[in-house]
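S.K.: Sequence first, then the predicted structure, then my questions.
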Amino acid sequence: MVRTKEKARASLSSQPGAKPEWTSGSLLDQPEEWRADLFHEQMNSLQQRKETFICVKEIWEVDFGPFGITDNFKALG
């Protein structure tokens, strides 16, 4: 009888929990077994896929100065 209860507990712990709702925040904060489903639901709910991409429209030289990138471009001429 004890073995049956242990098996039942083990099978319950290996099954995914209730499906969470994901409306914001990192997908990595969600249970791993639900990540793919949650991602596809969000993508399918969008009217246009371009809504999912974040575009940087302005890049300032001062932002790259500390990395020495602008110095390399200036050295090229």
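M.R.: That came through, no problem.
S.K.: rest of the way, CA atoms for contacts and neighbours
M.R.: OK.
S.K.: so who does the spatially most central residue of the chain touch?
M.R.: With distances taken as C-alpha atoms, centre = their mean, the residue of the chain nearest its centroid is Leu27 (3.9 Å). By C-alpha atoms under 8 Å, 6 or more residues apart in numbering, the residues touching Leu27 are Arg35, Phe39.
S.K.: now do Glu61
M.R.: Contacts of Glu61 (C-alpha under 8 Å, 6+ apart): Thr70.
S.K.: measure it to Ala18 for me?
M.R.: With the distance defined as C-alpha to C-alpha, to the nearest Å, Glu61 ends up 48 Å from Ala18.
S.K.: Can you report how many residues neighbour His40?
M.R.: 10 (other C-alpha atoms under 10 Å).
S.K.: Oops, could you answer that again for Leu38 instead?
M.R.: Applying other C-alpha under 10 Å, I find that Leu38 has 19 neighbouring residues.
S.K.: The closest residue to it other than its chain neighbours sits in which helix or strand?
M.R.: Ranked by C-alpha to C-alpha, 6 or more residues apart in numbering and with sequence neighbours excluded, the top spatial neighbour of Leu38 is Trp22, at 6.7 Å. Trp22 is part of no helix or strand when elements are defined by DSSP states H and E.
S.K.: phi, psi of Trp22?
M.R.: phi -120, psi 110 (degrees, to the nearest 10).
S.K.: roughly how far apart are it and Gln42?
M.R.: Counting by C-alpha to C-alpha, the gap from Trp22 to Gln42 is 8 Å.
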